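# Just to be clear, the model below is a prediction. Sequence and coordinates:
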Amino acid sequence: MAKKVMIQVALDTLDPQVTLDLAAKTAPYIDIIEIGTPCVKYNGISLVKEMKAKFPDRKVLADLKTMDAGEYEARPFFEAGADITTVLGVAELATVKGVIKAAHDNNGWAQVDMICVPDIVATAKAAAEAGADILGVHTGLDQQAAGQTPFADLGKLTALGLNVMISCAGGIKPETVADVVKAGADIVVVGGAIYGADDPAAAAKQMRELVDKAAAEV
Ligand SMILES: O=C([C@H](O)CO)[C@H](O)[C@H](O)COP(=O)(O)O
């Protein structure tokens, strides 16, 4: 049986209504609605509450990229309805553990974002040992602008065979999504290629078809 690979739409928009409209257009084709970092900073916890209320059968990820005070920062987002929040892999392990505690106290998932982590193998092993649910391979928007991609890091993490889900983000497009699935990602994160498309619903539908096709071939 083909492995189920989840699709996460990363909504890096700022306007709350635009963000909710994009979620509505893409929800039929995706598994996780990410309220992106700029969006969650701009709109705060109220948008997390509203998103979960409108899409109760989709996972909602608040991309907090927590760097300190892990449990204190993440807990109210889980209590407001987030299913997943993110913590930076460059943070202290105590911070990562705090987000994991907040997540697990609320039946949620903690994702450790590997953006700018110097030794992703060591950080991934420590995060997995601490109980992280998802390790996020991530080439950020500014790194993408400098020509970087997430593919080499994705290979390093999937090769470890850790008992955690692996997500991959960083400029993933229709042309590259099959490579991400075939490299072993459990969650494919797509932002600009969906929210920046002329027809975001059609772009999300195309991603669903490409991801399912690639998963069936693995
Ligand atoms: O996390 C992201 C970035 O740091 C800005 O918040 C993006 O959501 C992530 O990179 C996915 O977006 P695309 O790279 O546009 O697919």
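All right, it came through fine.

# For this structure, give the residue positioned nearest to the ligand.
When scored by CB to the nearest ligand atom, the chain has Gly191 as its residue closest to the ligand, at 2.4 Å. (C-beta placed from N, C-alpha, C; glycine too.)

# any idea how far the lengthiest helix in the chain is from the chain center?
In the chain, taking DSSP state H as the definition, the longest helix is helix 200-217. Helix 200-217 sits 17 Å away from the centroid of its parent chain (CA atoms, centre = their mean, to the nearest Å).

# what does stretch 141-157 give?
Worked out by CA atoms, centre = their mean, stretch 141-157 lies 15 Å from the chain centre.

# Tell me which residues are up against that stretch.
Here stretch 141-157 makes contact (CB atoms under 8 Å, 6 or more residues apart in numbering) with 12, 114-115, 120-121, 124, 135, 137-139, 166, 168-172, 176, 179-180, 183-185.

# So how do I select the buried members of the residues you listed in PyMOL?
Applying 16 or more other CB atoms under 10 Å to the contacts of stretch 141-157, the buried members can be selected in PyMOL as follows:
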select buried, resi 12+114+115+120+124+135+137+138+139+166+168+169+170+171+172+176+180+183+184+185
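
# Which of the contacts of stretch 141-157 fall within strands?
Leu135, Val137, His138, Ile166, Cys168, Ala169 (DSSP state E).

# Run through those residues and flag the ones next to the ligand.
Among the ones in strands among the contacts of stretch 141-157, the residues lying close to the ligand (CB under 6 Å from any ligand atom) are Ala169.

# Would you mind giving the ones in strands among the contacts of stretch 141-157 as TSV with pLDDT added?
Shown next, in TSV, are these (pLDDT from 0 to 100):
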residue	pLDDT
Leu135	98
Val137	97
His138	96
Ile166	98
Cys168	98
Ala169	97
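
# any chance of the ones in strands among the contacts of stretch 141-157 in a markdown table, plus distance to Ala214?
Below are the ones in strands among the contacts of stretch 141-157 laid out as a markdown table (distance: CB to CB, whole Å):
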| residue | distance to Ala214 |
| --- | --- |
| Leu135 | 20 |
| Val137 | 17 |
| His138 | 20 |
| Ile166 | 15 |
| Cys168 | 12 |
| Ala169 | 17 |
